[in-house]
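Enquirer: give me the fold of what follows.
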Amino acid sequence: MADAGSDETHVPEYSYVVDVASLPATGIERPIRPSDAEMAAVAERLGLQAIERFDIRIAVRPWRGSGARMTASFEADVVQTCVVTLEPVPATVRDEFEVKFLPAKMIDDPKPGQEIDVSPDEDAPEPLGGETGTSFDAGDVTVQYLSLALDPYPRKADAAIPEEATTPEEPSPFAALAALKPNGKDQ
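Expert: Below is the predicted model of the structure:
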């Protein structure tokens with residue numbers, strides 16, 4: 001995921017900022033949804049023809065004192081481009097994910113040469129950002145997960161590469177070497 005505490009200027013196409021400092025002890029749970037204009041901007045960012053629907057449900061709970069854990073699910077109706085015919089390919093994309101956030105000062109930066117423990121079951125927490133260093137953008141994080149859930153090679157069910165578009169098989173360079181062998185036998 002993007003480093004929420006970095007100095008890079010990234011203006012998200014869809015933003016829903018959660019301030020962990022004002023999070024109730026019980027957390028929040030709610031549906032969020034980008035506007036039509038935001039969905040069009042996200043579609044452009046992700047190279048989609050369109051996003052027709054993007055329903056998101058987030059639950060954010062306090063975690064480790066001044067951090068937060070967001071669990072989210074989304075369902076989106078998208079239109080991708082067929083990699084064979086360039087025709088529209090409608091698809092419904094669903095996913096669920098969890099991201100943990102901590103203040104940047106609470107995240108250990110490994111020193112050069114230092115051993116680190118990596119757990120295949122748990123992702124490292126993301127740093128909180130914003131002006132006060134206590135917020136994260138649930139909308140932008142969800143867009144990142146949408147990008148990961150998309151089919152990287154969308155293809156219409158009946159799409160086939162036309163025969164004239166394929167290149168004829170060229171003889172292998174090893175075939176020329178095999179022809180040099182006497183009687184085609186190994187020596």
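Enquirer: helix, strand or coil for Glu96?
Expert: strand (DSSP: H, G, I helix; E, B strand; the rest coil).
Enquirer: distance of the nearest residue to it once chain neighbours are set aside from Leu102?
Expert: Distances taken as Cβ to Cβ, 6 or more residues apart in numbering put Ser73 closest to Glu96, at 4.4 Å, once the chain neighbours are dropped. C-beta: built from backbone N, CA, C; applies to glycine. Using Cβ to Cβ, to the nearest Å, Ser73 is found at 23 Å from Leu102.
Enquirer: of the two, who's got more company?
Expert: Of the pair Ser73 and Leu102, Leu102 is the one with more neighbours under other Cβ atoms under 10 Å, namely 20 against 15.
Enquirer: who does that one bridge with?
Expert: Beta-bridge pairing for Leu102 (DSSP bridges): Pro127.
Enquirer: returning to that earlier point: hang on, the residue nearest to Glu96 in a strand?
Expert: Yes. Applying three-state DSSP, one finds Ser73 inside a strand.
Enquirer: tell me, how many residues neighbour Ile88?
Expert: Not quite, residue 88 is Pro, not Ile. Pro88: 14 neighbours (other Cβ under 10 Å).
Enquirer: go on, the one 5 residues further on?
Expert: By other Cβ under 10 Å, 19 other residues sit near Val93.
Enquirer: the helix or strand where it lies: how far from the chain's middle?
Expert: Element membership for Val93, per DSSP states H and E: strand 88-102. Computed by Cα atoms, centre = their mean, to the nearest Å, the separation of strand 88-102 from the middle of its chain amounts to 8 Å.
Enquirer: give the contact list for the residue nearest the centre of the chain.
Expert: With distances taken as Cα atoms, centre = their mean, Leu148 lies nearest the centre of the chain, 3.0 Å away. With contact taken as Cβ atoms under 8 Å, 6 or more residues apart in numbering, Leu148 is in contact with Asp95.
Enquirer: what separates it from Lys105, distance-wise?
Expert: Counting by Cβ to Cβ - Leu148 and Lys105 are separated by 28 Å.
Enquirer: also Val143?
Expert: Val143 is 27 Å from Lys105, by Cβ to Cβ.
Enquirer: the more surrounded of these two?
Expert: Val143 (25 against 11).
Enquirer: buried residues, the helix or strand encompassing the more buried one. List them.
Expert: Remark: Val143 resides in helix 138-149, with elements defined by DSSP H and E. Using 16 or more other Cβ atoms under 10 Å as the test for burial, helix 138-149 gives Ala138, Gly139, Asp140, Val141, Thr142, Val143, Gln144, Tyr145, Leu146, Ala149.
Enquirer: next, Pro31: secondary structure please.
Expert: strand.
Enquirer: touching stretch 45-53 from outside, list them.
Expert: 13, 39-40, 42-43, 75-81, 88, 143, 146-147, 150.
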